[in-house]
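Novice: Got a predicted model here, sequence first, then my questions.
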Amino acid sequence: MKNPMLEVVSLLLEKLLLISKLFSSGSAGEDNGRKRLYEISSFLRGDVLEVPRTHLTHYGIYLGDNRVAHLMPDILLALTDDKGRTQKVVSNKRLILGVIVKVASIRVDTVEDFAYGADILVNHLDESLKKKALLNEEVARRAEKLLGLTSYSLLWDNCEHFVTYCRYGTPISPQADKFCENVKIIIRDQRSVLASALLGLASIVCMGLASYTTLPAIFIPFFLWMAG
């Protein structure tokens with residue numbers, strides 16, 4: 001007979017591994033390869049540039065003259081109006097905190113700063129989405145019109161929505177769609193109900209019978225059961 005606790009631990013590890021794959025596009029190091037050279041002469045104004053960053057793929061529109069427009073979350077936008085500070089290259093830490101507080105801007109950086117040491121793919125979305133792109137000049141003009149502060153949502157308004165709107169006229173995000181599909185898989189797996197129920201029971205045992213432990217222990221398994 002299988003140990004129920006081992007079953008729960010195994011299930012939790014399985015879920016964590018699945019969640020870790022939601023943004024498993026690879027990452028660029030915080031400072032590694034920042035001095036890398038790129039074949040800028042091969043980029044055309046209006047091209048979509050694509051690079052891996054921490055846990056996600058980042059996108060931008062090439063504007064020509066070594067300039068890239070891209071939607072970038074940045075915690076500093078919520079903390080200061082000093083353009084001298086906010087115009088500096090956005091580090092991974094600033095980016096992740098910006099995602100959490102949902103503050104961003106569509107800004108212009110050099111190709112090197114945009115890529116952050118990672119490899120660059122050009123117009124890769126054309127093939128993967130199988131959509132007809134607008135003329136490159138129109139793409140670049142759309143991007144330039146949107147420069148400045150903007151709202152941010154990981155699922156509904158991210159850098160991929162920005163570039164797909166500029167290049168195809170429709171804001172879509174395959175990364176966000178993949179995230180939602182994986183969440184559906186987790187919710188539909190009825191073992192999640194058992195795992196959440198056991199975790200709720202464990203929290204009650206460890207922290208006592210209180211509303212902040214009892215209510216989640218009841219309602220989370222119930223909602224997972226109903227949604228499954």
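Specialist: Thanks, I have the structure now.
Novice: residue contacts, the residue nearest to residue 168 when sequence neighbours are not counted?
Specialist: For residue 168, ignoring the flanking residues on the chain, the nearest one in space by Cβ to Cβ, 6 or more residues apart in numbering is residue 131 at 4.7 Å. The way it works is simple: take the backbone N, C-alpha and C, and place the C-beta from them, glycine included. Neighbouring residues of residue 131 by Cβ atoms under 8 Å, 6 or more residues apart in numbering: 125, 168, 170.
Novice: Domain-wise, how is this protein divided?
Specialist: Annotated domains of the chain cover 4-21+181-227, 40-171 [automatic domain parsing].
Novice: between those domains, which gets the lowest average pLDDT?
Specialist: Averaged per stretch, pLDDT over those is lowest on domain 4-21+181-227, reaching a mean of 56.
Novice: any idea how far residue 169 is from the residue nearest to residue 168?
Specialist: Counting by Cβ to Cβ, to the nearest Å, the gap from residue 131 to residue 169 is 9 Å.
Novice: same question, residue 38
Specialist: 28 Å.
Novice: before we move on, back to that, neighbour-wise, which one of the contacts of residue 131 leads?
Specialist: residue 125 (22 neighbours; other Cβ atoms under 10 Å).
Novice: Partner strands of the one helix or strand residue 106 maps to and their direction?
Specialist: Residue 106 is part of strand 103-109 when elements are defined by DSSP states H and E. Next to strand 103-109 in the sheet, as set by DSSP bridges, lie strand 67-73 (antiparallel), strand 148-151 (antiparallel).
Novice: Name the surrounding residues that touch that strand.
Specialist: With contacts defined as Cβ under 8 Å, 6+ apart, strand 103-109 is touched by 60, 63, 67-75, 77-78, 86-87, 89, 98, 143, 146-152, 162.
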